[in-house]
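sequence below, structure please.
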Amino acid sequence: MDNIADLRKTYERAELDESASLPDPIAQFGLWLQQAIDGQLPEPTAMTLATVGANGRPSTRVVLAKGFDARGIVWYTNYDSRKGRELAGNAFAALQFHWVEMERVVRIEGRVEKASADESDTYYASRPLDSRIGAWASPQSQVVASRAVLVANAAKFGAKFVLQPPRPPHWGGYRLVPDTFEFWQGRRSRLHDRLRYHLDGADWVRERLAP
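Numbering: from 1, shown residues only. The predicted structure is shown next:
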C-alpha cells in the first residue's frame, strides 16, 4: 500500500465569494445540488447522516435525499433502524454532501422531525415494486442469520401483497429542519472558502470561516 500521508490534491476548480453566494442558504444549496445533477456526478443526492445514540456515541451512514424545500431536507428509511432509534432519543442530526468532482462540501445541522403520513405514502407509492416489498422484508439494522432470511421474507410479503403493498407502519420520511449550513469550496494552498449560515431569529446570518 502507498503511504497515504504522501497523497496530495490541489483544489482549484472554483471559488466561493460572499458577493457571489446567495443570501438564502436553501437557495444556495439548491443551486449547488442542481449543478451536481447537471454535471452528471455519481449519486449527487447521496449524503452522510450523523446521529448520536443514548450512549453518546455518534454514528454515520449514507442515505439519499429525496426532497428539499424551505422546510428542510427529506429522506426515507425504516423507523426501527439504528438511525431511527437514535433520532427518537435525540432529534438533532447533521448531514454532509460531498461532491468530490466539484471540490465542494455542504454541511447541514438541525432538528429532525418525521415527514407527514401523506408525504411518506406518496413517496412510497412512487418506488419500484421490489423496493416497496423490501421495506417489509428487511428488519433494518437487526441481526439476521443469512441473506436467505431476507430473500424468504421478500417472497413471503410479495405473495401476501402481490402488486399493492401498503406502506409499512415502521417506514417513512424524516425531515431535517436546518439551523446551520456550511458551504465549502476547495481552493489552492489549502486556503479553502468556507461560508457558514446560521439562524438568528428568523434571519439567516452569513459569515466566513477560516479553513
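
which positions in the biggest strand by length in the chain come out as buried?
The residue-count maximum for a strand in the chain (DSSP state E) belongs to strand 171-185. Under the neighbour-count criterion of 16 or more other Cβ atoms under 10 Å, strand 171-185 has 171-176, 178-179, 181-185 buried. Backbone N, C-alpha and C define where each C-beta goes, glycine included.

same check on stretch 72-85?
For stretch 72-85, by 16+ other Cβ under 10 Å, it's 72-84.

start to end distance for that stretch?
21 Å (Cα to Cα, to the nearest Å).

follow-up on the earlier one: now, the buried residues of stretch 72-85 that are in helices?
82-84 (DSSP state H).

excluding sequence neighbours, find me the nearest residue to residue 54.
residue 89 (5.1 Å; Cβ to Cβ, 6 or more residues apart in numbering).

again, but for residue 134
Nearest to residue 134 is residue 154, by Cβ to Cβ, 6+ apart, at 6.5 Å.

likewise residue 195?
residue 183 (4.9 Å).

hmm, back to that, other SSEs contacting the longest strand of the chain?
helix 25-38, strand 72-78, strand 104-114, helix 117-126, strand 193-200 (3 or more Cβ pairs under 8 Å, 6 or more residues apart in numbering; DSSP states H and E).

now do the buried residues in the fourth one.
To tie it back to what came earlier, the one meant is helix 117-126. In helix 117-126, the ones that count as buried by 16+ other Cβ under 10 Å are 119-120, 123-124.

now the residue lying farthest from the centre of the chain: which helix or strand?
No residue in the chain sits farther from the centre than residue 159, which is 32.5 Å out by Cα atoms, centre = their mean. Using DSSP states H and E, residue 159 sits in helix 147-161.

what residue lies at the spatial centre of this protein?
Centre-nearest of the chain using Cα atoms, centre = their mean is residue 47, 3.7 Å out.

so it: helix, strand or coil?
strand (DSSP: H, G, I helix; E, B strand; the rest coil).

who are the neighbours in contact with it?
Counting by Cβ atoms under 8 Å, 6 or more residues apart in numbering, residue 47 touches 62-65, 73, 75, 95-97.

what's opposite it in the beta bridge?
residue 63 (DSSP bridges).

about what we covered before: could I get the buried residues of strand 171-185 as TSV with pLDDT and distance to residue 207?
Shown next, in TSV, are the buried residues of strand 171-185 (pLDDT from 0 to 100; distance: Cβ to Cβ, whole Å):
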residue	pLDDT	distance to residue 207
171	98	39
172	98	36
173	98	31
174	98	28
175	98	25
176	98	21
178	98	16
179	98	14
181	98	11
182	98	10
183	98	12
184	98	14
185	96	15
